[in-house]
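*Asks:* Give me a 3D structure for the following:
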Amino acid sequence: MSCDEERMSVDEIVEAISSEDDHLQLLGTESARKMVIGESTASIDLLIGHDMVPTFVGFLQKNEHPMLQFEAAWVLVNIASGTSDQTRCVIENNAVPHLAKLLQSGFIDLADQAVCALANIASDGAASRDIIIQHNVIENIMPLTNRRSPITILRSIAWLMSNLCSHQNPPPPLDEVKTFVPVLSKLMLSHDAQVLTEACCTLYCILERDHSMIQVLIDLGSVPHLAQLIQKFEPSIVTPALRIVGIIVAASDEQTEVVIASGALPWIRILLYHYKAEIVEDAAAVINTITARSQQRIQAAIQAEVFDGVREVLKKGNLRAKEQAAWAVTNAMSFGTPEQIIEQLIDRFMILKPYLNLLSADDTGILKAVLTGLCNLFVLIEKLGLTESFSEVVIEMGGLDKLESLLMHDSMVVYKKAKTIIYDYIIIPTATF
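*Replies:* Numbers count the residues shown, from 1 in each chain. Sure, this is the predicted structure:
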């Protein structure tokens with residue numbers, strides 16, 4: 001048997017790993033790993049067909065030989081990356097509890113291989129995922145998420161967490177999901193783009209499914225980290241981080257206040273100018289939610305100069321972004337104080353002109369948003385005794401012409417609101433000769 005050659009035959013591998021010699025076991029396991037790495041599933045079937053998997057699982061338990069453990073774990077990583085039947089072979093040979101124990105190894109490369117093997121197993125489906133959860137994997141993972149851990153293992157952990165959450169039929173038990181959030185929160189402290197992307201995407205999926213996890217995240221002190229992440233350049237990080245913020249602000253008033261207190265608003269304002277349309281849409285949606293029914297939050301948006309960005313979205317955004325921005329203005333028009341509306345939105349941020357221009361939009365949702373805001377604005381203007389002068393401004397900006405064109409609109413809601421504004425509020429100057 002030419003055990004020292006780079007590659008062994010299958011029979012030589014079986015003989016080597018079955019020997020009592022530690023060196024031969026290591027050489028045989030290395031050869032098995034080389035046989036299956038990057039190869040077809042047929043090579044994996046050869047190992048399984050020669051009943052090698054139980055031996056490799058046994059090698060995981062040889063704590064006195066960490067390199068043998070490492071090579072055995074690496075082989076199992078590749079077997080578990082194959083078909084469902086091949087992954088099931090790893091599970092049925094009781095590899096999961098031994099891989100879970102190796103997460104506590106002081107040999108960090110060995111722990112990394114164990115994470116990768118578990119990640120491959122978790123990707124196979126909900127049943128495989130639940131087996132991993134049952135073996136306290138999350139508890140053993142947590143110590144590995146500190147900032148001193150190598151980027152490689154943090155990436156592997158992020159991948160594992162993503163796979164644990166990816167199967168939703170059925171979804172993982174909520175009690176278990178609650179233990180995922182602290183791990184993901186720690187991963188969000190990383191400076192690696194791949195880790196941050198995986199962690200934020202996974203966390204977004206968790207929060208989208210169950211809003212009770214929002215408070216868990218807040219209690220961990222993670223919202224300020226989210227505020228930092230939306231400052232990143234990479235859209236792959238900004239997008240899920242911003243959507244997490246969107247879920248939080250759509251929850252309770254108290255949870256929305258946490259986002260505002262984190263200093264996120266100035267950065268969300270900057271995202272309203274982002275080159276990626278989807279990020280502008282999401283940022284506008286967050287502002288829409290924040291400004292709803294709260295003068296205090298409207299004031300926070302004003303102080304962060306958010307309406308500068310909103311104005312630009314009204315002018316240049318795509319339809320979805322414009323609709324979200326329009327509703328943000330409508331919220332302010334409907335719930336703001338007279339000072340916030342007149343002195344800030346209209347005089348300081350010059351919102352009225354681009355807002356009125358949206359009356360020409362070929363989108364019923366946008367029209368409803370703007371018409372609702374204008375109705376509420378005219379109610380306020382009437383109370384202040386400024387109807388005549390404000391009507392002149394609206395007419396000069398072309399608002400009356402646009403409103404009159406809406407009297408022919410297919411939507412009855414649009415027609416009625418436009419008619420109400422024209423005939424109940426706007427004072428048309430009498431022609432003089």
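
*Asks:* Pro235 versus Tyr275, what's the distance?
*Replies:* 9 Å (CB to CB, to the nearest Å). The way it works is simple: take the backbone N, C-alpha and C, and place the C-beta from them, glycine included.

*Asks:* Identify the residues contacting the residue nearest the centre of the chain.
*Replies:* The centre of the chain sits closest to Pro240, judged by CA atoms, centre = their mean, with a distance of 2.6 Å. The contact partners of Pro240, by CB atoms under 8 Å, 6 or more residues apart in numbering, come to Thr197, Cys200, Cys201, Leu203, Tyr204.

*Asks:* what comes up buried for the helix or strand hosting Arg269?
*Replies:* Element membership for Arg269, per DSSP states H and E: helix 265-271. The neighbour-count check on helix 265-271 (16 or more other CB atoms under 10 Å) flags Leu265, Trp267, Ile268, Arg269, Leu271 as buried.

*Asks:* neighbouring contacts of it?
*Replies:* 227, 230-231, 238, 242, 245, 279-280, 282-283, 286-287, 290, 300-301, 304-306, 308-309.

*Asks:* Could you identify the helix or strand that succeeds that helix?
*Replies:* helix 277-290.

*Asks:* Contacts for that next one, please.
*Replies:* With contact meaning CB under 8 Å, 6+ apart, helix 277-290 is reached by 235, 238-239, 242-243, 245-246, 249-250, 256, 259-260, 265, 268-269, 271-274, 297, 300-301, 306, 309-310, 313, 317-318, 320-321, 324-325, 327-328, 331.

*Asks:* same question for that helix, mean pLDDT?
*Replies:* Mean pLDDT, computed over helix 277-290, is 98.

*Asks:* What's the first helix or strand after that helix?
*Replies:* Remark: after helix 277-290, the chain's next helix or strand is helix 295-303, criterion DSSP H and E.

*Asks:* list the helices and strands that following helix packs on?
*Replies:* helix 253-261, helix 277-290, helix 319-335 (3 or more CB pairs under 8 Å, 6 or more residues apart in numbering; DSSP states H and E).

*Asks:* Turn those into a markdown table, columns for distance to Gly398.
*Replies:* Shown next, in a markdown table, are these (distance: least, CB to CB, whole Å):
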| stretch | distance to Gly398 |
| --- | --- |
| helix 253-261 | 36 |
| helix 277-290 | 24 |
| helix 319-335 | 17 |
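
*Asks:* For Leu356, which non-adjacent residue is spatially closest?
*Replies:* Nearest residue to Leu356 in three dimensions, chain neighbours excluded: Gly399, at 4.3 Å (CB to CB, 6 or more residues apart in numbering).

*Asks:* go on, Leu371?
*Replies:* In space, not counting the residues next to it along the chain, Leu371 is nearest to Lys417; the distance is 3.8 Å by CB to CB, 6+ apart.

*Asks:* The one you found sits in which helix or strand?
*Replies:* Judged by DSSP H and E, Lys417 forms part of helix 412-420.

*Asks:* Would you indicate which residues of that helix are buried?
*Replies:* For helix 412-420, burial by neighbour count (16+ other CB under 10 Å) applies to Val414, Lys417, Ala418.

*Asks:* Which member of those is positioned nearest Val393?
*Replies:* Val393 has its nearest neighbour among those in Ala418, at 17.7 Å by CB to CB.

*Asks:* Tell me who's in contact with Thr179.
*Replies:* For Thr179, counting by CB under 8 Å, 6+ apart, the contacting residues are Ile138, Glu139.

*Asks:* Look up phi and psi at it.
*Replies:* When quoted as degrees, to the nearest 10, the phi and psi of Thr179 stand at phi -80, psi -20.

*Asks:* ok, now which ones touch His135?
*Replies:* Counted by CB under 8 Å, 6+ apart, His135 has contacts Val96, Pro97, Ala100.

*Asks:* Would you confirm that the last one contacts Ile138?
*Replies:* No: with contact defined as CB atoms under 8 Å, Ala100 does not reach Ile138; the gap is 9.8 Å.

*Asks:* any residues in contact with both of those two?
*Replies:* Common contact partners of Ala100 and Ile138 (CB under 8 Å, 6+ apart): none.

*Asks:* which residues in the stretch 301-433 of the chain form helices?
*Replies:* When secondary structure is read from DSSP state H, counting those that start in this stretch, the stretch 301-433 of the chain shows helices at 306-316, 319-335, 338, 352-357, 364-383, 387-396, 399-405, 412-420.

*Asks:* and of those, who's closest to Met52?
*Replies:* Met52 lies closest to helix 319-335 among those, at 54.8 Å (CB to CB).

*Asks:* what packs against the strand or helix carrying Ser162?
*Replies:* Element membership for Ser162 (DSSP H and E) is helix 151-166. The contact analysis (3+ CB pairs under 8 Å, 6+ apart) places helix 151-166 against helix 108-122, helix 126-134, helix 137-141, helix 174-187, helix 193-209.

*Asks:* Looking at per-residue confidence, what score does the residue nearest to Leu371 get?
*Replies:* Model confidence at Lys417, expressed as pLDDT, equals 96.

*Asks:* Equivalent analysis for Leu265, please.
*Replies:* So Leu265 comes in at 97 (pLDDT).

*Asks:* check contacts around Gln104.
*Replies:* If you count contacts by CB under 8 Å, 6+ apart, then Gln104 has Ala111, Asn140, Pro143 around it.

*Asks:* May I ask which of these has the most neighbours?
*Replies:* Ala111 (26 neighbours; other CB atoms under 10 Å).

*Asks:* what's the distance between that residue and Ser156?
*Replies:* 9 Å.

*Asks:* What of Leu226?
*Replies:* Using CB to CB, one gets 23 Å for the distance from Leu226 to Ser156.
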